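1. Model the following, please.
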Amino acid sequence: MAKAPQSLLLEQLRAQANAVAARRLQQIKLSREVVDRVDAQMQQAFAYFDEACRLLQTLTPPVERDFQLPHIAKYEGLHVERASVMFRKQRLQDRDVYDYIVVHYTLVGRTPPPLRVAIRRSAEVERALNNATIEFSCDTDATVRGNARYNTIRLAPELRCEVRFDPDFENGRIVVTLRNVDRLEPVILDFESAALDTPALDELVQLMLAKPSQFLLRAPLRGFFR
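-> Down below sits the predicted model:
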């Protein structure tokens, strides 16, 4: 049998194929009982937010919480708009199970005042706004004061918020990622699947609405990023 020629491309494809084969082998080893349990909990979360989003869309309730990026932006006088939930499924063990669920909603309030930022700081400010998923536009201000030039950054009057559920079938857990829910940084929580029950989802909605909530204490913190 001829020896395969040395090729960087073939090496890369070989590594990718080995990784795919390893994932398939791992899927075969997954406990069907664990997959059923986690997927059932994901189904419950979707059904819960399918109704909750319809109600929030109708009520557009106020959210008594301010969101601040120090020295950059402050959002206050907010209320909920455009609440929706979506999901995607994946093929696992010859059946379709949840790949993820995402709840989207928007907090709308007064438009923050424009920022006049020195060009040397503009990239830093824009990066902070992008990390917080705050929409903005940027115009160069031709006004010259000494050697300084400025950008004018105009912020959107709304915050895009997200709650994402990702199943971890291997460990029987569900990872919940919060973006702009109670702060302008992502927070990641690692739930035992059974712990993400209806009372926990009630607490999550309370957190979204800035009501007293113990949701952040219900699971270990997997990550928190500025």
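2. So which residues of this structure form helices?
-> Under the criterion DSSP state H, the chain contains helices at 8-29, 32-59, 119-131, 198-208.
3. What's opposite Ile101 in the beta bridge?
-> Phe87, Phe165 (DSSP bridges).
4. Same check on His79?
-> Beta bridges link His79 to Pro62, Val108, judged by DSSP bridges.
5. tally of neighbours for it?
-> 16 (other C-beta atoms under 10 Å). In this view, the C-beta of every residue, glycine as well, is placed from N, C-alpha and C.
6. Contact partners for it?
-> Counting by C-beta atoms under 8 Å, 6 or more residues apart in numbering, His79 touches Thr60, Pro61, Pro62, Val63, Leu107, Val108, Gly109.
7. Of those residues - the most surrounded one?
-> Of these, with other C-beta under 10 Å as the count, Leu107 tops at 24 neighbours.
8. Quickly list the domain ranges of the protein.
-> 29-68+77-111+158-226, 113-156 (automatic domain parsing).
9. Deepest in the core, which of the ones you listed is it.
-> domain 29-68+77-111+158-226 (a mean of 17; mean count of other C-beta atoms under 10 Å).
10. Distance check, Gln16 against Phe169.
-> Gln16 is 22 Å from Phe169, where distance means C-beta to C-beta, to the nearest Å.
11. Ala73: which of the helices of the chain is closest?
-> Taking C-beta to C-beta, helix 119-131 is the member of these nearest to Ala73, at 7.2 Å.
12. got the contact list for that closest one?
-> 69, 72-73, 115, 117, 136, 138, 140, 148-151, 153, 155, 185, 226.
13. go again using 10 Å as the cut-off
-> Contact with helix 119-131 is made by 69-73, 115, 117-118, 134-136, 138, 140-141, 148-153, 155-156, 184-186, 225-226, as judged by C-beta atoms under 10 Å, 6 or more residues apart in numbering.
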